[in-house]
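K.L.:
Return atomic coordinates for the entry below.
(one chain, ligands or ions: 1)
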Amino acid sequence: MKYEIKKFKDGQVTAKNIENDHIHIKIRGNSYEDLFAMATIKEAWDAENALNKNAVAKLTIHCLIGQRSDRRFNKEESFDLKVICNFINAMKFNKVYILHPHSPISLALINNSEQISHFDFVKRAFNKIGNPILVSPDAGAYKNTHEIAERLNADLVPSNKVRVNGVPEISIQGDVKGKPCLIVDDLADGGRTFKFLAEALKHQGASKVYLYVTHAQFNYGFEELKETIDRIYCTNSYKNIEDAFVTQFILE
Ligand SMILES: O=P(O)(O)OC[C@H]1O[C@H](OP(=O)(O)OP(=O)(O)O)[C@H](O)[C@@H]1O
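P.N.:
The predicted model follows:
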């Protein structure tokens, strides 16, 4: 299935399907423009396939916008992920695949959805480093990282994070002395969580600290992170990164 996306001078996006058959649209999905482009492709495809009951439409989203806003944080504020998921549901895909969502709420809110695991990427980082201890940074990351540790037969050290006035406070529950550690989490925004965690791990004797995140924003660059983290592994679900400090796994 092939399609073209065009953009008008005022920002409007429009799609044209070149071949009509089963459709599998793959998007980053980290911007509203991406979601609208997807919607225009699906609308054009629907128009040609309305009577074709065997045609299947699939959507893959690599980095779902709003995935952290998985609840109404305060009264009178919008529940953004719900708005985004309602929009996706309106496109009526037969299947929606989401790469490593921040929480299961995305999967609960999107019809016919399924998670794409980040296991293979963590495994590649784990093998390159050579059997590090896996570290889960907070309660949200623990369940996923525990499953990955079991599959890799790796040691797992949980840590906990509470934000005090936005600043993460860290407590580590395990022995990391003399060992390399690989922190595993879903996303880095500024990366402060990992800067402080890496500092605490090194303070407790970790020989090296590596970081894996699926969705690599790193909105403030890498300089501060280089002080405590030895290397970053990530995918290009959010953006492509050219930096010798970062090993990026490229998604199809
Ligand atoms: O790069 P940083 O700015 O440090 O942010 C990264 C952290 O933020 C996210 O969790 P969040 O604090 O949103 O988790 P929550 O859902 O438990 O509130 C994410 O899962 C990371 O742990």
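
K.L.:
ranges for the helices of the protein?
P.N.:
When secondary structure is read from DSSP state H, the chain shows helices at 32-49, 80-90, 104-109, 119-129, 139-152, 192-203.

K.L.:
List the contacts of the second one.
P.N.:
Residues from elsewhere that reach helix 80-90, judged by CB atoms under 8 Å, 6 or more residues apart in numbering: 35, 39, 59, 61, 64-67, 69-70, 96, 105-106, 109-111. C-betas here are computed from N, CA, C, even on glycine.

K.L.:
Please indicate which of these are buried?
P.N.:
The neighbour-count criterion (16 or more other CB atoms under 10 Å) marks 35, 39, 59, 61, 64-67, 69-70, 96, 105-106, 109-110 among these as buried.

K.L.:
How about the residue of the chain found nearest the ligand, nearest residue that isn't a chain neighbour?
P.N.:
Taking CB to the nearest ligand atom as the measure, the point where the chain comes nearest the ligand is Thr193, at 3.2 Å. Using CB to CB, 6 or more residues apart in numbering and skipping residues adjacent in sequence, the residue nearest Thr193 is Pro168, 4.9 Å away.

K.L.:
Contacts only, for the one you found.
P.N.:
Shown here is Pro168, whose contacts under the criterion CB under 8 Å, 6+ apart are 161-162, 192-193, 196-197.

K.L.:
For those residues, which ChimeraX command selects only the ones that are buried?
P.N.:
Those of these that count as buried under 16+ other CB under 10 Å are selected in ChimeraX with:
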select :161,192,193,196,197
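
K.L.:
Which members of the contacts of Pro168 are the farthest-apart pair?
P.N.:
When the contacts of Pro168 are compared pair by pair using CB to CB, the farthest-apart members prove to be Val162 and Arg192, with a separation of 13.3 Å.

K.L.:
can you list the residues of the stretch 151-252 of the chain near the ligand?
P.N.:
On the criterion CB under 6 Å from any ligand atom, the ligand has as its neighbours in the stretch 151-252 of the chain the residues 185-193.

K.L.:
Let me see the contact set for Arg68.
P.N.:
Residues touching Arg68, when contacts are defined by CB under 8 Å, 6+ apart, comprise 102, 187.
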